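[1] Return atomic coordinates for the entry below.
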Amino acid sequence: MNNSISLLFYIKRVKADSNGKANIYLRITVNGKRSEFSIQRKVPVDKWNPSANRVRGFSKEAQEINQYIDLISNKINKIHQQFIEQNKSFSAIQIRDTYLGKNEKNKMVLKLFQEHNDQVDKLVGKEFVPLTALRYKTARTRLEQYIKKEYKVDDIPIKDVDHKFITGYEYFLKTERNCAHNTAVKYITNFKKIVRIAYANDWISKDPFFNWKARLKTVDREFLMENEIQKIIKKDITISRLGLVKDIFIFSCYTGLSYVDVKKLKKDHIVIGIDGARWIKTKRTKTDTRSNIPILPMAQIILDKYSEHPDILNSDSLLPILSNQRMNSYLKEIADLCGITKNLTFHLARHTFATTVTLTNGVPIESVSKMLGHKSLKTTQHYAKILDRKVSDDMSILKEKLNSLENKSTTGDKKSG
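    As a prediction, this is how the structure comes out:
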């Protein structure tokens, strides 16, 4: 059996449009038999080099088309090699149809996404944490909402996903779903993984994300200053629900634990550390990384305060925590009572621990990173950058004061002279 194959890219000059551009075709020849198809690209007829099978010149358009031609050639050769390795007979038509995806049922976007999510669910506790599985489920739901609204169908073939689809999805997330920029980018990045799986399996011939770049915006995380922490601690709150939320929020300020990690804290998470003092040793729910946190006096006061609480006496929990939604709602009331204008959320306590409680007081960044359960020191370094910015702002104010004093001094000298 002759396994030779030849590829020829060419244009039909006589069929050029009114702008002088002609479609580029690919002719596949196997054992003297041909098949051909348009590659869905046009080129000015005077820019086509028939001997090189390429576009002349170094313009951006020429480079993009030539790169696309190379990509198609590589795909066709890969398909050809697969037929040989599988010892299957093939024709030019079979090569063409395999490339165009006509030999198998179209892979559907949401179906592929669901298959991926099912695999993630089975690996929770082994390779993934529950929050990762939840994030992929939410990402699929958002994509399903976009497809139904924009395309009026339940699903679409993965081969129909192009750059227009991606940018349209980003616009939908920011407008219809009111997502912030970084949230929208994360949803699209989740979807990108599904597309890359399809591309790696040759279910699509090109990567629609080739010209899309994920650009996250740097977000300065708010945190409380020492005087603001003290305002909350010293505020006498008589409403029991607000008093409970206040205490648990302060506990997080002095431990760095997120809402979900405070909620899952058990009595056996308190251990005696290497220094003979009490430590919290737990795993972060989000990343499944270890957090070892010495218990500071303020955190211990709160643990002691609730040790006799009915909900604690009858369970293995450490603190009687409310739902995240109610906690954040009540924190808004606490902020008003304390005269704090910052957007008080439970997660702001974690940022406060990283900045005001630890880094500002000279705790090395490596130690802070371990207590926060960060996988990378780079994540913790963002808090250090925030502090640098605060130092810069404070010094700018000082410079203005000093300049003002110098100006007054200079004016006084001139008058006395």
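
[2] Please report the distance of the residue lying closest to Arg54 once chain neighbours are set aside from Arg140.
    Spatially, and ignoring its direct neighbours in sequence, Arg54 is nearest to Asn66 (5.1 Å; Cβ to Cβ, 6 or more residues apart in numbering). C-beta here means a position set from N, CA and C on the backbone, and glycine is covered the same way. In this view, Asn66 and Arg140 are 37 Å apart by Cβ to Cβ, to the nearest Å.

[3] Over to the residue nearest to Arg54. Which of the three states is it?
    Under DSSP: H, G, I helix; E, B strand; the rest coil, Asn66 falls in the helix class.

[4] Please look at it and Ala52 and confirm they touch.
    No: taking contacts as Cβ atoms under 8 Å, Asn66 lies outside contact range of Ala52: 9.2 Å.

[5] more crowded one of the two?
    Neighbours per residue, other Cβ atoms under 10 Å: of Asn66 and Ala52, the larger number sits with Asn66, 20 against 10.

[6] Model confidence for the more buried one, exactly?
    As predicted, Asn66 sits at a pLDDT of 94.

[7] The one 5 residues further on too?
    Reading off the confidence values, Leu71 has pLDDT 93.

[8] Can we start the residue count at 29 from this point?
    All right, first residue 29 from here; so that's Leu99.

[9] Wait, a helix at it?
    Yes: under three-state DSSP, Leu99 sits within a helix.

[10] Could you find the closest non-adjacent residue to it?
    Using Cβ to Cβ, 6+ apart, the closest residue to Leu99 is Lys234 (6.4 Å).

[11] Just say helix, strand or coil for that neighbour.
    coil.

[12] That one and Phe141, how far apart?
    19 Å.

[13] Compare neighbour counts for those two and give me the winner.
    Set Lys234 next to Phe141 and count neighbours by other Cβ under 10 Å: Phe141 wins out with 25 against 13.

[14] The more buried one reaches Ile175, doesn't it?
    No: distance between Phe141 and Ile175: 10.5 Å, which falls outside the contact criterion (Cβ under 8 Å).

[15] element containing the residue nearest in space to the middle of the chain, please.
    The residue lying closest to the centre of the chain (Cα atoms, centre = their mean) is Lys214, at 3.5 Å. Per DSSP states H and E: Lys214 is located in helix 209-228.

[16] Does Lys70 belong to a helix, a strand or coil?
    Applying three-state DSSP: Lys70 is strand.

[17] Would you mind naming the residues that bridge with the nearest residue to it once chain neighbours are set aside?
    Using Cβ to Cβ, 6+ apart and skipping the chain neighbours, the partner closest in space to Lys70 is Lys49 (4.2 Å). Lys49 has these beta-bridge partners by DSSP bridges: Pro72.

[18] how about the helices of the stretch 279-428 of the chain, start to end?
    Secondary structure of the stretch 279-428 of the chain (DSSP state H, counting those that start in this stretch): helices at 287-291, 325-333, 338-341, 352-366, 374-380, 393-400, 405-444.

[19] JSON lines for these, including mean pLDDT?
    Output for the helices of the stretch 279-428 of the chain, formatted as JSON lines (pLDDT from 0 to 100):
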{"stretch": "helix 287-291", "mean pLDDT": "90"}
{"stretch": "helix 325-333", "mean pLDDT": "94"}
{"stretch": "helix 338-341", "mean pLDDT": "88"}
{"stretch": "helix 352-366", "mean pLDDT": "93"}
{"stretch": "helix 374-380", "mean pLDDT": "91"}
{"stretch": "helix 393-400", "mean pLDDT": "87"}
{"stretch": "helix 405-444", "mean pLDDT": "67"}
